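J.: Here you go, sequence then predicted model.
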Amino acid sequence: MQPKYAIIGGTGVYEPGAVEDARDVEVHTPYGDALATIGLYGGQAVAFMARHGKHHATPPHKVNYRANIYALKELGVEQVLATAAVGSLQPGLKPGDLVLVDDVIDMSKSRVGTFFEHDSVVHVDMSDPYCNRLRRNLKHTANRLDYSIHAGGVYVSTEGPRFETKAEIRMFQALGGSVVGMTSMPEVALAKEAELCYATVCMVTNYAAGLTTNALTHQEVVDAMRHNVEKIRALFYEFIQS
Ligand code: HPA
């Protein structure tokens, strides 16, 4: 069973959902081991990976992004559908909204962001970090399901695990950011290097620091995702089946 599609579940998305014949596989890579669940959905083989682990034990700066992406490539995956919980930088992006981001600003600090470290000099093109074909198809699927989805946006990817300061959020807004999260980099860059077609559906869980008077908590993010996780699953599975 060779999966053409993979789902990388972010915060709040720890299980593959309604897949048949699911089995866990451990893939050994030069970067360490990666865990995936492979199963069938509507007759299509799909690989599922929980980015932070099934019990959310791995914080964003400790995720083994290289092992995960390498493993998906090794499994034969061609298209990767990622989820991400994000904070909103724009009043028009409200908690509960879905955003199909089309660009990214890398504000991470201490992550290895490449497979090409030693033997070769490779500069991958990042003009379109997220796969346009996959984004277009996901947008069509969302329309078919009558889901409203923002069809573009700039993901500002921070180091974490702390949330941002108000001044940082003002800077990200000034830079043209739409949403802020902690995981798209280096995941999207590694997917590019691995020549995988990769897209992220962001779920807005909160307004970013300083845009509301409330202090932000991780629990608030997890709770907001729990309310919306079925929507993202339905979107992905409708896409995969069609
Ligand atoms: N900042 C960073 N990451 C996040 C946020 C946020 O406000 N919300 C969900 N993930």
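T.: Nice, thanks for sending it over. Residues are numbered from 1 along each chain as shown.

J.: The helix or strand containing F236 near the ligand at all?
T.: Per DSSP states H and E: F236 is located in helix 218-241. Yes: contact of helix 218-241 with the ligand (CB under 6 Å from any ligand atom) involves V221. Glycine gets a C-beta too; all of them are placed from N, C-alpha and C.

J.: That helix: which residues count as buried?
T.: Residues 221, 224-225, 228-229, 231-240 are the ones in helix 218-241 that count as buried (16 or more other CB atoms under 10 Å).

J.: export it as PDB, just CAs?
T.: Provided in PDB are the C-alpha atoms of helix 218-241 (Å, rounded to 0.1, in the frame of the first residue of the first chain):
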ATOM      1  CA  HIS A 218      -1.900  27.100  24.600                       C
ATOM      2  CA  GLN A 219      -5.200  25.600  26.000                       C
ATOM      3  CA  GLU A 220      -7.200  28.300  24.100                       C
ATOM      4  CA  VAL A 221      -5.400  27.300  20.900                       C
ATOM      5  CA  VAL A 222      -6.000  23.500  21.500                       C
ATOM      6  CA  ASP A 223      -9.700  24.200  22.400                       C
ATOM      7  CA  ALA A 224     -10.300  26.200  19.200                       C
ATOM      8  CA  MET A 225      -8.700  23.500  17.100                       C
ATOM      9  CA  ARG A 226     -10.900  20.800  18.700                       C
ATOM     10  CA  HIS A 227     -14.000  22.600  17.600                       C
ATOM     11  CA  ASN A 228     -12.800  22.800  14.000                       C
ATOM     12  CA  VAL A 229     -10.800  19.700  13.400                       C
ATOM     13  CA  GLU A 230     -13.600  17.800  11.800                       C
ATOM     14  CA  LYS A 231     -13.900  20.500   9.200                       C
ATOM     15  CA  ILE A 232     -10.300  20.300   8.100                       C
ATOM     16  CA  ARG A 233     -10.500  16.400   8.100                       C
ATOM     17  CA  ALA A 234     -13.700  16.600   5.900                       C
ATOM     18  CA  LEU A 235     -11.900  19.000   3.500                       C
ATOM     19  CA  PHE A 236      -8.800  16.700   3.200                       C
ATOM     20  CA  TYR A 237     -10.800  13.500   2.800                       C
ATOM     21  CA  GLU A 238     -13.200  15.000   0.200                       C
ATOM     22  CA  PHE A 239     -10.100  16.200  -1.700                       C
ATOM     23  CA  ILE A 240      -8.400  12.800  -1.500                       C
ATOM     24  CA  GLN A 241     -11.500  10.900  -2.600                       C
END
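
J.: and that helix, how far from the chain's centre?
T.: Taking CA atoms, centre = their mean, to the nearest Å, one finds the center of helix 218-241 at 12 Å from the center of the full chain.

J.: Give me the contact list for that helix.
T.: 5, 7, 11-13, 17-18, 41-44, 46, 56, 81, 83, 85, 95-96, 98, 137-138, 141-142, 144-145, 147, 201, 203, 205-206 (CB atoms under 8 Å, 6 or more residues apart in numbering).

J.: Go back to the residues you listed and keep what's next to the ligand.
T.: Answer for the contacts of helix 218-241 near the ligand (CB under 6 Å from any ligand atom): 85, 205-206.

J.: Who wins on neighbours among the residues you listed?
T.: Neighbour tally across these (other CB atoms under 10 Å): the maximum, 28 neighbours, falls on T205.

J.: close enough to count as contact, that one and L93?
T.: No: assessed by CB atoms under 8 Å, T205 is found out of contact with L93, at 11.0 Å.
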